[in-house]
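>>> Quick one: sequence and predicted model below, then my questions.
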Amino acid sequence: MVNVLFKNSFELEVIVRLAFALISGFLLGIERSYHGKAAGIRTYMLVGIGACMFAAASKYGFVDMLTLGERADVSRVASNIVTGVSFLAAGAIYFKREKVTGLTTAAGIWVMAAIGTAYGCGMYIVATVATLYLFGIQTLLKDKMTKRLHVKVPNKVDILMDSTEKCLNRVLSVFEEYNIDVENTGIKRQKGDLFFYSFEISIPETTTTLDVVNALASLKNVQSVDMGLT
């Protein structure tokens with residue numbers, strides 16, 4: 001039965017490689033899904049097995065041509081994996097409220113394609129080690145590294161509040177409490193004594209945006225707060 005389904009022994013080998021790529025994509029996709037990323041488990045698994053299939057097809061798909069004396073560049077299919085996955089990775093990157101997001105997810109998709117390609121070529125150890133490296137970068141380094149380096153990311157907060165000096169000082173006190181740097185400020189007068197303040201800020205990457213919004217919204221004479229989520 002096996003001989004009928006699998007005419008060549010390498011077909012069984014390719015199925016094993018697909019399984020490894022599938023497992024790798026599943027493990028790496030869990031971390032992305034946990035953090036609410038659009039490119040999660042299914043995306044990583046599909047990228048992994050897709051790249052694996054292309055690599056296997058590139059390596060074994062033209063054997064019959066070679067036996068006939070024809071020349072074939074087996075690297076051409078695999079080389080285009082990088083080009084193809086770039087469109088998918090680019091879709092994970094977007095610019096919102098003065099901040100670029102999705103770069104890590106895009107890079108992860110790109111590396112996942114490389115891991116799938118490595119599995120497709122039979123490089124089990126290399127691909128497995130790369131999986132562990134990528135998992136460590138996306139999980140272990142995310143919080144520890146940003147805390148050590150005190151990384152801050154740009155953001156913007158819009159506040160509708162009274163124009164009194166006390167109210168403004170309360171807002172600045174919240175920024176100081178959360179170690180937020182004010183880079184630029186814009187003011188626009190609204191009805192009555194209300195003013196619309198627009199702050200361009202740098203906020204620590206480890207700080208939860210919702211905590212800052214709640215702290216600002218709880219201040220006296222603050223009417224509304226609008227801030228991009230990180």
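Received it, and whenever you're ready, just let me know what you need.
>>> and residue 220, what element?
Assigning secondary structure by DSSP states H and E places residue 220 outside every helix and strand.
>>> And residue 225, by the same measure?
Secondary structure assigned from DSSP H and E places residue 225 in strand 222-227.
>>> Return the distance of that strand from the chain's centre.
The gap between the average C-alpha position of strand 222-227 and the chain average comes to 29 Å, counting by CA atoms, centre = their mean, to the nearest Å.
>>> residue closest to the middle of this protein?
Among the residues of the chain, the smallest C-alpha distance to the mean C-alpha position (CA atoms, centre = their mean) belongs to residue 105, namely 1.7 Å.
>>> Tell me who's in contact with that one.
For residue 105, the contact set (CB atoms under 8 Å, 6 or more residues apart in numbering) comprises 32, 37, 38, 39, 89, 92, 93. To be clear about C-beta, it is placed using only N, CA and C from the backbone, and glycine gets the same treatment.
>>> run the last query once more with 10 Å
Neighbouring residues of residue 105 by CB atoms under 10 Å, 6 or more residues apart in numbering: 32, 35, 37-40, 43-44, 89, 91-93, 138.
>>> quick check, nearest of those to residue 174?
Using CB to CB, residue 35 is the member of the contacts of residue 105 that lies nearest residue 174, at 26.0 Å.
>>> picking that back up, separation between the residue nearest to the centre of the chain and residue 49?
Residue 105 is 19 Å from residue 49, where distance means CB to CB, to the nearest Å.
>>> Next: residue 192.
According to CB to CB, residue 192 and residue 49 sit 61 Å apart.
>>> of the two, who's got more company?
Neighbour totals were compared for residue 192 and residue 49, and residue 49 leads with 21 against 8 (other CB atoms under 10 Å).
>>> and that one, what helix or strand is that in?
Using DSSP H and E, the secondary-structure element containing residue 49 is helix 41-60.
>>> Summarise which helices and strands that helix is packed against.
With contacts defined as 3 or more CB pairs under 10 Å, 6 or more residues apart in numbering; DSSP states H and E, the packing partners of helix 41-60 are helix 9-34, helix 75-90, helix 103-120, helix 124-149.
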